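Asker: here are the coordinates; sequence isn't available:
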Ligand SMILES: NC(=O)c1ccc[n+]([C@@H]2O[C@H](COP(=O)([O-])OP(=O)(O)OC[C@H]3O[C@@H](n4cnc5c(N)ncnc54)[C@H](O)[C@@H]3O)[C@@H](O)[C@H]2O)c1
């Protein structure tokens with residue numbers, strides 16, 4: 001299969017390309033414009049092994065500057081992960097880039113799919129579309145995002161739906177719940193916390209740390225995402241991808257203290273605008289359609305992310 005992965009140098013995209021290439025039948029064309037919160041040198045590190053893979057090609061360009069019709073001409077599947085991530089920075093003047101990368105680029109890609117024979121178009125959405133809700137979040141709940149980021153990602157979902165119903169583009173929407181692990185973006189809390197702990201800096205926590213998340217380890221996320229490939233039963237569906245464990249931010253910091261043997265200096269600041277208090281994924285659909293069962297515990301996942309931070313910043317750490 002010839003598979004296009006947008007956002008291939010990013011956190012989730014780079015892991016997904018590696019996973020897809022485990023199948024010798026797959027050829028992967030990765031696209032990445034090297035934008036967003038993570039600095040380019042870390043993205044180069046993300047795709048280090050991919051670049052020498054014989055069945056991988058990187059197109060290091062923004063989607064808006066690529067001839068998408070030409071690109072999709074003989075492609076079988078599109079995984080659309082490229083986007084401007086992060087809730088906190090989606091307010092104010094940054095919104096424009098969220099609108100461009102999350103809405104316009106998605107529309108352009110879907111438009112180009114009209115003239116191609118794509119078997120699946122898989123869109124990376126987010127739990128941020130739900131907003132503040134009680135209990136488990138199920139895909140049938142009415143979305144009510146709390147942030148401009150969530151609104152742009154929900155708009156991307158709606159675009160998938162109208163291109164599916166109007167032009168029969170075989171779309172699948174996956175809603176990821178806080179993904180973590182090696183290569184996690186630099187703006188995400190675990191990445192910041194671990195780096196701050198290892199460099200003996202104060203840990204900056206938004207709010208009082210009692211907010212909780214359904215944390216998804218990267219290999220679970222990528223396994224679920226790759227399992228969509230060739231599964232015709234999921235076309236037109238929206239499916240939550242959550243993790244094995246939920247925890248509060250304070251509980252995560254306690255775990256990090258144990259794993260690193262370092263006492264954290266905690267600095268609590270104002271709550272971040274646009275973040276729900278809790279997230280909790282209902283995984284019934286993922287279990288039913290993808291036979292998905294997250295496996296990696298928070299303790300093990302954090303241990304692996306600490307290892308990654310130690311190696312990525314080897315030169316800067318004491
Ligand atoms: N990481 C999470 O916890 C999480 C949770 C929910 C949803 N998501 C979604 O998953 C996707 C991947 O997230 P991530 O954490 O890996 O982010 P990331 O920033 O690491 O990766 C996204 C990549 O897309 C690229 N990109 C963005 N716009 C582009 C464009 N117009 N053309 C070409 N390349 C472009 C960026 O350069 C970046 O490398 C995003 O769409 C995000 O909204 C992530």
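Answerer: Nice, I can see it. Source: prediction; values computed, not measured.
Asker: partners of whichever residue of the stretch 201-318 of the chain sits closest to the ligand in the sheet?
Answerer: Closest to the ligand within the stretch 201-318 of the chain is residue 216: 7.2 Å, counting by CB to the nearest ligand atom. All C-beta spots, glycine's among them, are computed from the backbone N, C-alpha and C. Counting by DSSP bridges, residue 216 forms beta bridges with residue 179.
Asker: run through who's touching stretch 245-256.
Answerer: 189-190, 193-194, 197, 203, 205, 207, 209-215, 264, 266, 278-280, 297-299, 302, 306 (CB atoms under 8 Å, 6 or more residues apart in numbering).
Asker: since we're on the residue of the stretch 201-318 of the chain closest to the ligand, how many residues are nearby?
Answerer: When neighbours are defined as other CB atoms under 10 Å, residue 216 has 28 of them.
Asker: which other helices and strands does the helix ranked longest in the chain contact?
Answerer: Among the segments of the chain that qualify as a helix by DSSP state H, the longest is helix 148-167. Helices and strands touching helix 148-167, as assessed by 3 or more CB pairs under 8 Å, 6 or more residues apart in numbering; DSSP states H and E, comprise helix 95-98, helix 105-113, strand 120-126, strand 171-176.
Asker: elements contacting the last one?
Answerer: Read it as strand 171-176. Packing partners of strand 171-176 (3+ CB pairs under 8 Å, 6+ apart): strand 120-126, helix 148-167, helix 218-226, strand 238-241.
Asker: what pLDDT, on average, does that strand get?
Answerer: What strand 171-176 shows for mean pLDDT is 98.
Asker: tell me the angle of it relative to helix 148-167?
Answerer: Note on geometry: by axes from the mean of the first three to the mean of the last three CA atoms, to 10 degrees, strand 171-176 and helix 148-167 are set 160 degrees apart in direction.
Asker: could you check the angle strand 171-176 makes with helix 218-226?
Answerer: Using the same axes, to 10 degrees: strand 171-176 against helix 218-226 is 170 degrees.
Asker: name the residues that touch strand 171-176?
Answerer: 12, 110, 120-127, 129, 139, 157, 160-161, 163-164, 216, 221, 224-225, 228, 234-241, 281.
Asker: likewise for the shortest one?
Answerer: Contacts of helix 95-98 with the rest of the structure, by CB under 8 Å, 6+ apart, involve 35, 84, 90, 148-149, 152.
Asker: now swap in the second one and tell me
Answerer: Contacts of helix 105-113 from elsewhere in the structure, counted by CB under 8 Å, 6+ apart, are 6, 63-64, 68-69, 71-72, 78, 80, 82-83, 121, 123, 155-156, 159-160, 163, 167, 169, 171.
Asker: same question, stretch 36-50
Answerer: Residues from elsewhere that reach stretch 36-50 (CB under 8 Å, 6+ apart): 8-11, 14, 17-18, 21, 30, 32, 34, 56, 58, 84-86, 89, 101, 183, 185-187, 312.
Asker: the ligand contacts on the chain?
Answerer: For the chain, the residues in contact with the ligand (CB under 6 Å from any ligand atom) are 6-7, 9-13, 31-36, 38, 43, 62-63, 81-83, 85, 101, 105, 124, 126, 153, 176, 178-179, 185.
Asker: same thing but at 5 Å, please
Answerer: 7, 9-12, 32-36, 62-63, 81-83, 85, 101, 105, 124, 126, 176, 178-179, 185 (CB under 5 Å from any ligand atom).
Asker: and the residue of the stretch 1-150 of the chain found nearest the ligand, what pLDDT?
Answerer: Nearest residue of the stretch 1-150 of the chain to the ligand, counting by CB to the nearest ligand atom: residue 10, 2.0 Å away. pLDDT, residue 10: 98.
Asker: repeat for residue 183
Answerer: Taking residue 183 on its own, its pLDDT is 98.
Asker: do the same with residue 314
Answerer: pLDDT, residue 314: 89.
Asker: element containing it, please.
Answerer: Using DSSP states H and E, residue 314 falls within no helix or strand.
Asker: that one - how many residues pack around it?
Answerer: Using other CB under 10 Å, residue 314 has 8 neighbouring residues.
Asker: ditto for residue 291
Answerer: Residues lying near residue 291 (other CB under 10 Å) number 10.
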